[in-house]
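1. Quick one, structure for this:
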Amino acid sequence: MTEPMSSMSESDEVARLRAELAQKDEQLRLLRDLNPAVVHVFDVDTLATDYVNRHIAEDLGFGDGDPELTDPRATLALLHPDDIARITERNRRWDEVANGAVVETEYRLRHKDGSWRWYISRSQVLTRDADGKVKQVVGSALDITERKDIELGSQRSEKLESLGRLAGGIAHDFNNLLTVVLGNVALAKVALDLHEDVRTHLDDIAKVAEEAATISRQLLGFSRMQMARPEVIDTNQALRDSETLLRRLIDRADITFVYGESWPIKVDRGQLNQSLLHLLANARDAGGEITVSTGRFSVDRAGGRFAPGRWVRIRVEDTGQGMSLDVLQRMFDPFFSTKDKSVGATGQGLGLALVYGFVRKHHGTIDVDSEPGRGTRVDVYLPAVDEPRIIDVPPQHIVRPHDKVDERTLVILAEDEPMVAELTRRILTMGGHRVLVAPDGAEALELIRQHRDEVSLVVSDIVMPRVSGIDLAARLHAESPEIPVLLASGYPEDEQQLSLSLPRYTFLAKPFRAQELLDLVSGLIAQSRAENP
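-> Numbers count the residues shown, from 1 in each chain. Down below sits the predicted model:
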């Protein structure tokens, strides 16, 4: 009888263990289903997800049968374009990460409705192969969109405060410019009455208008509303042009600018200004004196940190509180704040991450040297270029009126601002073109249809009532694709909209020069005639 009792005892033990295992499985299932974070095991080689408690894309509105989720790497396809490079670089560096170390990353994923959701992931190494190469990574991802909205709202609030300080200075500058314009107009009228030469007064008005346009471009560059356009610029001159705005934006008039020998660089001017603004804001919050300086050096051969060639250095240095080693190591991480929150600082480190992205995008490098109590020095190194700068010749020295109008060229002009429409009509007529003016896109379409066989070109503002310039161009492309369209606007974001909605377009930014308009019009008409003989 002893043997059957032993068998029964073993059977009971197996049943007990199975019950405990089932209970643990149920606990794990509840933890998996109730956990607000997505827990996953990631294969570094294949970029595929080996395990996930639920697919992160389900939180983004995608169903199980959605074609965008057929690939095991579907989540990567949903990454924000600006975050792909950073995530890819992180994945490549896993072999350098020690076991047990937690890597934290923030990124955006596209929701099915087109919006972007912010996630924070915390990951560490799970398995390595015999050679120590990382095979799998375990981690979690949590939706932090609401937190990011609060942080970005704080950032916008700080930016509004800066713009408020800036507004007074800009109004002062524009009032000075307008004083010169109005004064020269009055003098020109007197000169006409006395039959004197008015060209000097007109030249002064043109110079002032150029200065006003430069201020406008700088403001748009600082607000990041312009599309990225790398251009060759004189490093020292670019900083000189931005000195006043930089001082006003960070509310420090005592910044010292020291200009050493330098070379031209090819960068997006607006992004350069933004990067300087972020570095100066960080220096301002550290306290002490601030100095901006430039320099240059050459590298003859490979082997060091810098590639062979010529390099330009832009340095932002402060004598403030400095940073600890821990802060130095994380200062370029997105949303890591270098400010002392114990004293009520509300800033965040996104600006410094943008500086790092700007430098890497332009094939440069960045160095930081700091010590608590002894200030901080940030050196931005950018490659120099040999391309010559383009010098703009004032339009009054170029434009020459045509003796007669070319009857073959009929330009339809769509512009809802009467003064701009009349000025543009005069310039086009002076250039030898026949012009018909419409106050909006709808009337422009009617004129085009009435003169379909005569129209050589359409010049249109973008923002207009009834039918916008973009809608006008789209309809014209469908009806008469051989007629070129030149779209103009004083809103740089309109060019971004154009790039998304129209496959081919020609954009003219306001304010434009007379010669710039005439050159574009002549070029587009000549190209159209060559393509449609």
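2. So what does residue 359 look like in phi/psi?
-> phi -60, psi -50 (degrees, to the nearest 10).
3. show me the contacts for it.
-> By C-beta atoms under 8 Å, 6 or more residues apart in numbering, the contact list for residue 359 reads 275, 365-366, 380-382. Where you see a C-beta, it was placed from the backbone N, CA and C, and this is true even at glycine.
4. and which of those is nearest residue 147?
-> residue 275 (25.5 Å; C-beta to C-beta).
5. Report the secondary structure state of the closest residue in space to residue 138 that isn't next to it in sequence.
-> Taking C-beta to C-beta, 6 or more residues apart in numbering as the measure, residue 138 lies nearest to residue 126, with 4.3 Å between them; neighbours along the chain are not counted. Going by DSSP: H, G, I helix; E, B strand; the rest coil, the secondary structure assigned to residue 126 is strand.
6. mind listing the helices for the stretch 201-350 of the chain?
-> Taking DSSP state H, counting those that start in this stretch to define them, one finds helices in the stretch 201-350 of the chain at 235-250, 269-286, 325-330, 350-361.
7. Between those, which one is closest to residue 24.
-> helix 325-330 (38.2 Å).
8. what mean pLDDT would you report for that closest one?
-> Mean pLDDT, helix 325-330: 64.
9. now do stretch 288-302
-> Rounded mean pLDDT across stretch 288-302 is 88.
10. Would you mind pulling the contact partners of stretch 96-105?
-> Contacts of stretch 96-105 (C-beta under 8 Å, 6+ apart): 86-87, 90, 120-125, 128, 134, 333.
11. switch the cut-off to 7 Å
-> The contact list for stretch 96-105, computed with C-beta atoms under 7 Å, 6 or more residues apart in numbering, reads 87, 90, 120-125.
12. residue ranges with poor pLDDT in the stretch 301-450 of the chain?
-> Where the stretch 301-450 of the chain drops to pLDDT under 70, the residues are 302-304, 325-351, 353, 387-407.
13. Turn the helices of the stretch 201-350 of the chain into CSV, including distance to residue 461.
-> Shown next, in CSV, are the helices of the stretch 201-350 of the chain (distance: least, C-beta to C-beta, whole Å):
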stretch, distance to residue 461
helix 235-250, 28
helix 269-286, 23
helix 325-330, 47
helix 350-361, 32
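14. mind checking which of those helices is nearest residue 111?
-> Nearest of the helices of the stretch 201-350 of the chain (C-beta to C-beta): helix 350-361, 21.2 Å.
15. Who does the following helix or strand past that closest one pair with, and is each partner parallel or antiparallel?
-> Scanning forward in sequence from helix 350-361 by DSSP states H and E, the next helix or strand is strand 365-370. Sheet pairing here is set by DSSP bridges, and for strand 365-370 it gives strand 376-383 (antiparallel).
16. what's the angle from the strand it pairs with to helix 269-286?
-> Relative orientation of strand 376-383 and helix 269-286, computed by axes from the mean of the first three to the mean of the last three C-alpha atoms, to 10 degrees: 170 degrees.
17. Strand 376-383 vs helix 350-361, what angle?
-> 30 degrees.
18. List of residues touching strand 376-383?
-> 265, 267, 279, 283, 286, 309, 311-318, 320, 322-323, 359, 362-370.
19. Filter the contacts of stretch 96-105 down to just the ones in strands.
-> Mapping the contacts of stretch 96-105 onto strands (DSSP state E) picks out 120-125.
20. just to revisit the earlier point, name the stretch among the helices of the stretch 201-350 of the chain that sits most buried.
-> helix 269-286 (a mean of 22; mean count of other C-beta atoms under 10 Å).
21. which other helices and strands contact it?
-> helix 199-222, helix 235-250, strand 290-299, strand 309-318, helix 350-361, strand 376-383 (3 or more C-beta pairs under 7 Å, 6 or more residues apart in numbering; DSSP states H and E).
22. and of those, who's closest to residue 471?
-> Closest approach to residue 471 among the helices and strands packed on helix 269-286 (C-beta to C-beta): helix 199-222, 24.4 Å.
23. pLDDT on that closest one, on average?
-> Rounded mean pLDDT across helix 199-222 is 68.
24. how about the strands in the stretch 351-500 of the chain?
-> 365-370, 376-383, 406-414, 433-438, 455-461, 485-489 (DSSP state E, counting those that start in this stretch).
25. Packed most tightly, which of the ones you listed would that be?
-> strand 455-461 (a mean of 25).
26. between that strand and strand 485-489, what angle do the directions make?
-> 20 degrees.
27. for strand 455-461, what is the average pLDDT?
-> 91.
28. Could you please name the strands that strand pairs with and the direction of each pair?
-> strand 406-414 (parallel), strand 485-489 (parallel).
29. Convert the C-alpha atoms of that strand to CSV, please.
-> What follows is strand 455-461, C-alpha atoms only, in CSV (Å, rounded to 0.1, in the frame of the first residue of the first chain):
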residue,chain,number,x,y,z
VAL,A,455,-1.7,83.9,-71.3
SER,A,456,2.0,83.4,-70.9
LEU,A,457,2.2,83.4,-67.1
VAL,A,458,0.2,83.7,-63.9
VAL,A,459,1.6,85.7,-60.9
SER,A,460,-0.5,85.1,-57.8
ASP,A,461,-0.5,85.9,-54.1
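30. Appreciated, that's everything.
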